[in-house]
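# what would the 3D arrangement of this be:
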Amino acid sequence: MSLVYENGYPYSDPLPDWIEYQKKEILQNQEACLILVDGALGKGKSTMAVQIARQFDENIEATEDSYSLRYYLGGQDFLKGAIKSHEAGARVLIFDESGIDMSSRRAMSRMNMSLLSFFQLYRYLQMPVIIVLPNIGIIDKQIFDYGIHRFTVHMDDKVNGKYAHFRVYDQDSTMFVHRRIKQYVVPRHAYRSSSVYPNFLGWVKPLPPNHQKILDKLGSESKDERIKDLGGKEGYTLNQMAGKLGSTIEVIRRKVRKHGFETFKNPEDKRHLMISKDDYERLRTLEYDGHEAI
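Next up, the predicted model:
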């Protein structure tokens, strides 16, 4: 199976031309470039981001060293890493927040602050940034006000084998979607609003196997680290439990101590303690007759 279309790229026209135009703006006019790639789980967002990055930077190799200079999962060290990557010759950065740090409002705020800090240095670095995320509603309007966003690639629900379907929205169309997302219970439905139109639709082919292997490895390692930070468990904070059980944090804290349940720090906010989901179920059964607050 060919991994490129007749245009020589892994995605259909006119996306290659849109990217080439941005490359020209960055190099000749020192324009900043932010590209968003979003969509539901398993729709090929990370793969699409890497495909676009490979057009910006032909020096990306299928090695961990090459990817580590350009691909940041979770974004904890994004700003510091961006400077290191620039000095090492990288020409593009991928900031992959999809399913990693989007579990709390605090994490979203931190991501937006990192982006604002980065783009204050942008004219020096001259590197396009591709952000991978569940939906663009996570991005602060202030980021768009910087005038650095170029277009959004939304990975659609349709997947034909290994071929992923995408929709592209320019700056204006993206802002329409951004506003609509707030009005929808299911954010992805905003992309099919009767008042929002993509600039074009297309298909993208899979990465070469050696590149996909590296991408899968990096993603797996990052998720393993996150599970390790959680103490190897999924859980609830004491505050979440208080809300679910219609109680107070102090009462929950006393009951956790009473039964000797192990607590661990919330990786998103070290000030808050958590217990595992299994221990939460035990607490709910022992103290609340298995019920939750309505």
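# next secondary structure after whichever strand or helix holds Gln51?
Using DSSP states H and E, Gln51 sits in helix 45-56. Per DSSP H and E, helix 45-56 leads on to helix 64-68 as the next helix or strand towards the C-terminus.
# so what touches that following helix?
Applying Cβ atoms under 8 Å, 6 or more residues apart in numbering, the external contacts of helix 64-68 come out as 59-60, 214-215, 217-218. Glycine gets a C-beta too; all of them are placed from N, C-alpha and C.
# what about Tyr236, which SS state?
Under DSSP: H, G, I helix; E, B strand; the rest coil, Tyr236 falls in the strand class.
# show me the beta-bridge partners of it.
Beta-bridge partners of Tyr236, counted by DSSP bridges, are Ile275.
# what about the spatially closest residue to Gln212 that is not a sequence neighbour, distance to Ala242?
Excluding its sequence neighbours, the residue lying closest to Gln212 (Cβ to Cβ, 6 or more residues apart in numbering) is Pro206, at 6.6 Å. Separation of Pro206 from Ala242 (Cβ to Cβ, to the nearest Å): 46 Å.
# now do the contacts for Tyr184.
Going by Cβ under 8 Å, 6+ apart, Tyr184 touches 190, 193.
# got a ChimeraX select line for the buried ones in the contacts of helix 64-68?
Buried subset of the contacts of helix 64-68, written as a ChimeraX selection, criterion 16 or more other Cβ atoms under 10 Å:
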select :60,214,215,218
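# how does the protein divide up, domain by domain?
Listed by automatic domain parsing, the domain ranges of the chain are 15-229, 235-288.
# save these as TSV, and put in mean pLDDT and distance to Asn7 too.
Output for the domains of the chain, formatted as TSV (pLDDT from 0 to 100; distance: least, Cβ to Cβ, whole Å):
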stretch	mean pLDDT	distance to Asn7
domain 15-229	84	6
domain 235-288	86	42
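# quick one: those as CSV, columns for distance to Leu3 too.
Formatted as CSV, the domains of the chain follow (distance: least, Cβ to Cβ, whole Å):
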stretch, distance to Leu3
domain 15-229, 5
domain 235-288, 37
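# deepest of those domains, which one?
Sort the domains of the chain by mean neighbour count, taking mean count of other Cβ atoms under 10 Å, and domain 15-229 sits at the top with a mean of 18.
# residues contacting the longest strand seen in the chain, please?
Identified as the longest strand of the chain according to DSSP state E is strand 149-160. For strand 149-160, the surrounding residues in contact (Cβ under 8 Å, 6+ apart) are 15, 18, 22, 33-40, 43-45, 48, 52, 136, 143, 164-171, 173-174, 177, 188, 191, 198-199, 201, 203.
# helix or strand: which one has Glu287?
Using DSSP H and E, Glu287 falls within helix 277-288.
# show me what that helix is packed against.
Here helix 277-288 touches strand 235-237, helix 238-245, helix 249-259, going by 3 or more Cβ pairs under 8 Å, 6 or more residues apart in numbering; DSSP states H and E.
# can I get the ones you listed in a markdown table with distance to Phe119?
Formatted as a markdown table, these follow (distance: least, Cβ to Cβ, whole Å):
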| stretch | distance to Phe119 |
| --- | --- |
| strand 235-237 | 32 |
| helix 238-245 | 33 |
| helix 249-259 | 38 |
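# skip the chain neighbours and tell me the closest residue to Arg188.
Closest to Arg188 by Cβ to Cβ, 6+ apart is Ala40, at 5.8 Å.
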